[in-house]
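Student: Whatever this is, show me its structure:
(one chain, ligands or ions: 2)
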Amino acid sequence: MSLTTPSDRLAQNVLASTTEAIIVINQDYSIALLNPAAQNLTGMSARQAMNQNINAIFSGQDGLLYLINTAMEEGRSISDRETIQLRRPTAEDLPVSATVSPLFTDTGQQEGVILSLHDASHVRQLEQDIQRADRLAMLGTLAAGLAHEIKNPLGGIKGSAQLLTMELENRDDLLEYTQIMIKETDRINEIIEELMNLTTPRSQVLSEVNLSKVIREIVLLQQQSEICVNKTFDLQLDPTIPPITGDQTLLTRLFLNIIKNAVEATAAGGTITISTRIDTQHHLTRPGQHPVPFVVVKITDNGCGISKTMLKKIFTPFYTTKSTGSGLGLVISQKIVSDHDGLLHFNSIEGEGTCCSIFLPFKRDLINHNS
Ligand SMILES: Nc1ncnc2c1ncn2[C@@H]1O[C@H](COP(=O)(O)OP(=O)(O)OP(=O)(O)O)[C@@H](O)[C@H]1O
Ligand SMILES: [Mg+2]
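Tutor: Ligands and ions are numbered 1, 2, ... in the order given. The predicted model follows:
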């Protein structure tokens with residue numbers, strides 16, 4: 001089949017320049033064309049793929065083969081934007097959105113199909129981030145209910161330990177134990193308070209928050225602490241970014257949690273980079289309102305990084321790899337970001353470092369959120 005004539009330079013240029021990965025498949029299921037974007041996406045060169053049978057090229061990728069077969073046999077377009085993972089010889093599997101359309105000749109005869117693939121990793125990641133936020137919100141409700149039940153008996157234990165302390169006035173050897181009981185019940189109490197705050201936070205106090213100022217103040221404070229000795233902060237804060245509408249105390253807590261994690265993960269000599277920019281690609285749209293852009297704060301460290309398996313757990317309440325950590329820092333951070341209609345996302349490479357991106361929308365509906 002002749003898909004492009006030599007004189008049709010425009011069509012060739014379009015195929016060569018488009019970022020959409022396009023693979024043309026003949027009626028006999030052999031590959032007739034693979035544009036440069038498709039070569040990039042699949043990791044196969046045109047030379048490797050040309051004339052090869054599609055069943056061999058996409059062997060074992062039943063979802064993709066099903067789409068191709070259906071379009072070929074039924075002569076209609078078919079898409080799957082949700083479930084297809086593209087297997088690649090030299091790179092990791094990639095979530096893609098795929099559309100297969102029949103290709104017709106001038107006389108209306110079908111002479112093959114066009115498979116177009118689109119990198120969907122960002123969209124799927126976004127979906128996962130939203131699902132995680134929803135799951136955490138549910139878990140928070142459960143945990144807060146449980147916490148409420150624990151608080152009363154805990155008060156009884158602490159009261160008894162205090163009474164015991166008075167009774168044991170002359171027994172220094174035993175007093176040490178009652179002190180531990182009191183200290184530990186206080187610690188449990190603090191964790192419970194945190195959990196309860198997850199679902200019943202104090203009502204938000206909204207104001208115009210200058211993120212650069214908040215971040216600078218946190219960094220200044222952190223720099224005084226011992227753990228920051230020999231660690232560098234690189235601030236790349238865009239001075240033109242306008243204030244965002246939010247709760248200053250909660251946002252301070254959010255950035256403190258994330259910056260502390262970065263500091264704790266970084267060894268002496270390491271750097272924590274904090275940048276802010278306006279995201280012009282994504283907007284938050286509420287019914288009846290103008291879409292508003294996001295500000296993106298990235299907190300990047302070149303510390304220990306997080307393995308793929310651990311990355312799935314870091315938002316689990318009480319998950320911590322630190323001897324003194326509560327494992328609630330990120331759960332609370334996620335809650336604060338969700339309450340500000342934002343998104344929280346982690347990228348990390350074990351042994352190289354971590355980047356936490358926080359997306360916060362600029363303007364918020366003051367009436368809705370104050371009530
Ligand atoms: N920047 C980072 N680099 C490496 N690991 C991280 C980073 N941020 C978070 N983690 C991992 O995620 C885990 C959970 O973090 P989270 O902030 O929820 O709790 P924590 O820091 O352990 O305790 P707390 O925040 O109460 O002090 C951490 O124990 C750590 O293993
Ligand atoms: Mg933490």
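
Student: Now do the helices in the stretch 101-250 of the chain.
Tutor: For the stretch 101-250 of the chain, the helices defined by DSSP state H, counting those that start in this stretch occupy 121-167, 172-199, 211-224, 248-265.

Student: Any residue of the third one touching ligand 1?
Tutor: No. Judged by Cβ under 6 Å from any ligand atom, helix 211-224 and ligand 1 are separated, with a smallest distance of 13.5 Å. C-beta: built from backbone N, CA, C; applies to glycine.

Student: Mind exporting the C-alpha coordinates of that helix to PDB?
Tutor: The C-alpha coordinates for helix 211-224 follow below in PDB (Å, rounded to 0.1, in the frame of the first residue of the first chain):
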ATOM      1  CA  LEU A 211       4.000  31.900  49.900                       C
ATOM      2  CA  SER A 212       7.500  33.300  49.300                       C
ATOM      3  CA  LYS A 213       7.400  34.900  52.800                       C
ATOM      4  CA  VAL A 214       6.000  31.800  54.400                       C
ATOM      5  CA  ILE A 215       8.700  29.600  52.800                       C
ATOM      6  CA  ARG A 216      11.500  32.100  53.700                       C
ATOM      7  CA  GLU A 217      10.500  32.200  57.300                       C
ATOM      8  CA  ILE A 218      10.400  28.400  57.600                       C
ATOM      9  CA  VAL A 219      13.800  28.100  55.900                       C
ATOM     10  CA  LEU A 220      15.200  30.800  58.200                       C
ATOM     11  CA  LEU A 221      14.000  28.800  61.300                       C
ATOM     12  CA  GLN A 222      15.200  25.500  59.900                       C
ATOM     13  CA  GLN A 223      18.600  27.000  59.300                       C
ATOM     14  CA  GLN A 224      19.000  27.600  63.000                       C
END
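
Student: buried ones in the longest strand along the chain?
Tutor: The longest strand of the chain (DSSP state E) is strand 271-284. Judged by neighbour count using 16 or more other Cβ atoms under 10 Å, the buried positions of strand 271-284 are 272-276, 284.

Student: At the contact with ligand 1, which residues of the stretch 201-350 of the chain appear?
Tutor: For the stretch 201-350 of the chain, the contact set with ligand 1 under Cβ under 6 Å from any ligand atom comprises 257, 261-262, 265, 301, 303-304, 306, 314, 319-322, 325-330.

Student: ok, of these, which come out buried?
Tutor: Buried members of these, scored by 16+ other Cβ under 10 Å, are 257, 261-262, 265, 301, 303-304, 306, 314, 320, 326-330.

Student: sorry, back to before: least confident pick among the buried residues of strand 271-284?
Tutor: The member of these with the lowest pLDDT is residue 284, at 76.

Student: Any regions of the stretch 1-150 of the chain where pLDDT drops low?
Tutor: Residues of the stretch 1-150 of the chain meeting the criterion pLDDT under 70: 1-7.

Student: can I see the domain layout of this structure?
Tutor: Here the domain parsing of the chain from automatic domain parsing is 9-119, 121-200, 204-371.

Student: Out of the helices of the stretch 101-250 of the chain, which is closest to residue 23?
Tutor: helix 121-167 (18.9 Å; Cβ to Cβ).

Student: now whatever residue of the stretch 101-250 of the chain ends up closest to ligand 1: how far from residue 265?
Tutor: With Cβ to the nearest ligand atom as the measure, residue 194 is the residue of the stretch 101-250 of the chain nearest to ligand 1, at 8.5 Å. Distance of residue 194 to residue 265, given as Cβ to Cβ, to the nearest Å: 21 Å.

Student: for residue 352, same thing?
Tutor: From residue 352 to residue 265 the distance is 11 Å (Cβ to Cβ).

Student: Phi first, then psi, for the closest residue to ligand 2 within the chain.
Tutor: Closest to ligand 2 within the chain is residue 329: 2.8 Å, counting by Cβ to the ion. Backbone torsions for residue 329, taken as degrees, to the nearest 10, come to phi -50, psi -50.
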